[in-house]
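Chemist: Fold the following for me, if possible:
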Amino acid sequence: MAEALNRTEREFLLNCGICGGRLTDPRILDCLHSFCKECLVIKQEQATKKDVVICELCGTHTRLSNDSIDSLTTNIFVTNIGRVEEITNSNCSFYCTFCEDQGDWEEASSRCLTCGDWLCLACAGRHCGTTVTKRHKVVTLDDVRVDPQHRPELRKLYESKCISHDEKLRKFCSKCETPVCSECEHSDHKNHTFKPLEDVVEEVQDSLSNALEMYKVIEECDGESDMQMAKRFQEVTNREKTLLQIVHSARERLIQEIQQQATAAELAISQPFEAVKMLLSESMELEKKRSESTQKSRLFCEKLQQEGLKGECVHFRDLLLRVKKVDRKRAQLEFPPMPEINVNVNELSFPKIFSVSVSEQRPVSPVEIPRVRSPVVTTGSVNERLQENLWSRQRGNDAEHIPPEARGDKPRTDFPQRGAEGDVYQSHPQEVEFEGSADEDSDVEETEDEDDLLDTSDNDQMSNDAENNAIRPPFNVPVVPRKSAKTVDDEDIIATLNVNGHRTIPLSIQIDQTPPEIFDISWLTDTEFAVGDKANQRIKVFGDDGTFLWQKDIQEGLIERIACVNGVVASDFPSGVHLDTRHDSFQKIYYQCTVKRTNPYPIAKTNGKEVIIGNADFPELRCYTKNGKRIRYLSLGKKLKINYIAQDENKAFLFTEKDSTIVKKFQEGQGISKFFEGLPGGWVPEGVATDSENNVYVSDSASSDIVKLSPQGKLLGVLGVHPTSPRGMSISRQNQLLVCDGEGRAWLMHI
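Modeler: Numbers count the residues shown, from 1 in each chain. A predicted model of the protein is given here:
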């Protein structure tokens, strides 16, 4: 009984590896991978070689007859599975076959599993009551979707028939090597040799069994290789942690020693001064009491003189004569001496405390995945065909694993690519073929440098599998940091930083009239992000799982920059900035531009609640609330053609400029300063984003790199994922980095 596909099987079998959507008119390549015909046509048009198509998943070259995609075999198996899945696993509506022929569109409630007709409620009754069709099996659509026993019967409805006579295929013509029906047997294939279709199916089943055995061996090898890589990755990580711990411990010890010396110096200074301060405090208290007593005596005399009666004044005659006369001149005050204390701070420049030496690495290619033999059905006997075809198996399924020439991309020559020893970075290892024979030995080039970062000697072991009669190809894991083509110092090395997983999300939707042009991207919530499609003049919102959520057309169009503030999407248009939510378009702001502008309004990816806009016509950043109310201006001091801009946790702005290779920083009250002057090999900085630790990420559209900088502007390295011509970027609170590329896709990676 045919079982329903689970989610993983459905994704592997029914989704296109190029566009990521459901396969339409699928064509299968020599490597048994299927793609949409339209996707392959577009890929071939962009390629330089028209007589071959390269698999987007594994890089296998498949020859084309007459340079046409139509020459590829249609994958009717996947097509039929997709049809059954569409019926059983969706809520799609289907229309009655008979009513549709009469011009009516009545929704079907049943289907005949004998003749395949869709039937409405009325037609289902007539179908079961007619003499010719009363023995047909008619089931309701709900039963088809609930009961899995109907799946084989549905599959039989889509079984291939003769193209010429629409009859069931019954035999196989040995001369023409094609299945035929009874009519073909007595007409076009008359006097040919035939054999039962079941015999050919049995041969195919034998081929599939051999293929499955080989793929199991390959998967076992891949699993063991993955375990070895994971183990070595953990060893490298532990070694890194150990070295960093040494540095951190020394740093803490030095800081503690300096703090102890500073505390002792503070105590030595404070003690003498505290004694003097105590004497002065006592004198000040005594003087205060004297002043108060004098003030009381003066007040008594003053009031008695002004308001005293004669009898009262006479009463104090003798007392006033006894008051002692005080000298008008006050004695000069004597203060305790100032403590004679001097503080000497040794103006020392520390010697180089930490010394880190990196052994020179032998230039090698990235991880090498050798070629292996793959069973592909072509011409010749079934068992011979299993050994005659090769396909290149390479790790990953992204377009960056395919050489630019094969993809049809024209490599840029105005900026050299960074690679080992200043050469072009080699993205493909040398291809090595391995025969599936247990009697042959595989010679593998051993690593010559004993100081290599990773020792691969224990990886070069071969396991004999007598049952499968195959040899496991050796697996080498050379790792070398990428070195720039032109460095300030020969010791400078640009590190490649690991990314905790990544995937691509296509940004095209069904209603698009043209391929999308995406220049900017921004997180709307922790699980949703928005993009501006300049070509189709609309804002699109997707979930982080790639699900399209909603869109809103912007009639003014020309969307180049976008930012999100508390659920509001801010996008630029020719004369200002548009504010939108899912249900409202409530405000347009910033109408100062009266001429046709050539630069986009950069909108800052802020951490606060402001919409911050830049304009090349004005020397300031203008701040608005998410409701469109202007708050303040931030003076830049001069006009700048800001390209992309972002704000970090300290309210500082990082931005790139048109026609400039320098990343700049603007802090309110401190002005503009250089933050990063660029990579030594040349680059074209585009998008800017900051993470929760104020690290800065800059996209380089020339080399398809994402550069990571420290909060102080120091180069930390380049991410190990390389989107094609990356542009705008945005980082969520969970440190998920979004990048839009030049091919209408979003790259989502956890940094």
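Chemist: who's in contact with stretch 617-624?
Modeler: 589-590, 592-593, 597, 604, 610-615, 630-640, 653, 666 (Cβ atoms under 8 Å, 6 or more residues apart in numbering). All C-beta atoms are positioned from the backbone trio N, CA, C, and that covers glycine.
Chemist: How far does stretch 95-103 sit from its chain's centre?
Modeler: How far stretch 95-103 lies from its chain's middle: 48 Å, per Cα atoms, centre = their mean, to the nearest Å.
Chemist: Can you get me the start-to-end distance on that stretch?
Modeler: Stretch 95-103 has an end-to-end distance of 11 Å (Cα to Cα, to the nearest Å).
Chemist: same thing with stretch 129-148?
Modeler: Using Cα to Cα, the end-to-end distance of stretch 129-148 comes out at 27 Å.
Chemist: buried sites along it?
Modeler: Buried residues in stretch 129-148, counted by 16 or more other Cβ atoms under 10 Å: 136, 138-141, 144.
Chemist: Then stretch 744-751?
Modeler: Per 16+ other Cβ under 10 Å, stretch 744-751 contains these buried residues: 744-749, 751.
Chemist: Dump those residues into TSV; add pLDDT as well.
Modeler: Shown next, in TSV, are these (pLDDT from 0 to 100):
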residue	pLDDT
744	88
745	93
746	94
747	94
748	94
749	92
751	85
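Chemist: Walking through this protein, point out its helices one by one.
Modeler: For the chain, applying DSSP state H gives helices covering 7-14, 37-46, 76-88, 97-101, 121-129, 141-146, 151-157, 182-185, 197-307, 310-315, 317-322, 382-388, 404-407.
Chemist: lowest-confidence stretch among those helices?
Modeler: For the helices of the chain, mean pLDDT drops lowest on helix 382-388, to a mean of 37.
Chemist: ok, back up a step: residue 519 is nearest to which of the helices of the chain?
Modeler: Residue 519 lies closest, by Cβ to Cβ, to one member of those: helix 37-46, at 20.6 Å.
Chemist: Contacts for the closest one next, please.
Modeler: By Cβ under 8 Å, 6+ apart, helix 37-46 touches 16, 18-19, 24-27, 50, 53-54, 56, 64, 67, 69, 72, 407-409.
Chemist: Is residue 579 bridged to anything, and to what?
Modeler: residue 570, residue 587 (DSSP bridges).
Chemist: Looks like it contacts residue 611 (just checking).
Modeler: Yes. Using Cβ atoms under 8 Å, residue 579 makes contact with residue 611 at a distance of 7.2 Å.
Chemist: the more surrounded of those two?
Modeler: Between residue 579 and residue 611, residue 611 has the larger neighbour count (other Cβ atoms under 10 Å), namely 29 against 22.
Chemist: thinking the more buried one is in contact with residue 602, fair?
Modeler: No. Counting by Cβ under 8 Å, no contact exists between residue 611 and residue 602, whose distance comes to 11.6 Å.
Chemist: where does the protein have its least confident helix or strand?
Modeler: Ranked by mean pLDDT, DSSP states H and E, the weakest helix or strand in the chain is strand 390-391, scoring a mean of 32.
Chemist: mind listing what residue 194 touches?
Modeler: Contacts of residue 194 by Cβ under 8 Å, 6+ apart are 171-174, 180, 185.
Chemist: Repeat the analysis, applying 10 Å as the threshold.
Modeler: By Cβ atoms under 10 Å, 6 or more residues apart in numbering, the residues touching residue 194 are 170-175, 179-180, 184-185.
Chemist: List only those of those residues flagged as buried.
Modeler: 171-173, 179-180, 184.
Chemist: which of the residues you listed lies closest to residue 550?
Modeler: residue 179 (48.1 Å).
Chemist: separation between the closest one and residue 153?
Modeler: 22 Å (Cβ to Cβ, to the nearest Å).
Chemist: And residue 27, what's its pLDDT?
Modeler: 90.
Chemist: Could you check how many residues crowd around it?
Modeler: Residue 27: 23 neighbours (other Cβ under 10 Å).
Chemist: How about it: what's its closest non-neighbour residue?
Modeler: Nearest residue to residue 27 in three dimensions, chain neighbours excluded: residue 72, at 3.9 Å (Cβ to Cβ, 6 or more residues apart in numbering).
Chemist: ok, residue 717 touching residue 679?
Modeler: No. Distance between residue 717 and residue 679: 11.1 Å, which falls outside the contact criterion (Cβ atoms under 10 Å).
Chemist: what do the two both touch?
Modeler: Joint contacts of residue 717 and residue 679 (Cβ under 10 Å, 6+ apart) are 494, 705, 707.
Chemist: Closest one of those to residue 320?
Modeler: residue 707 (92.1 Å).
Chemist: Hmm, the closest one is touching residue 684, no?
Modeler: No. Taking Cβ under 10 Å as the definition, residue 707 is not a contact partner of residue 684, at 11.2 Å.
Chemist: tell me, what's touching those two both at once?
Modeler: The contact lists of residue 707 and residue 684 share 678, 699-700, where a contact means Cβ under 10 Å, 6+ apart.
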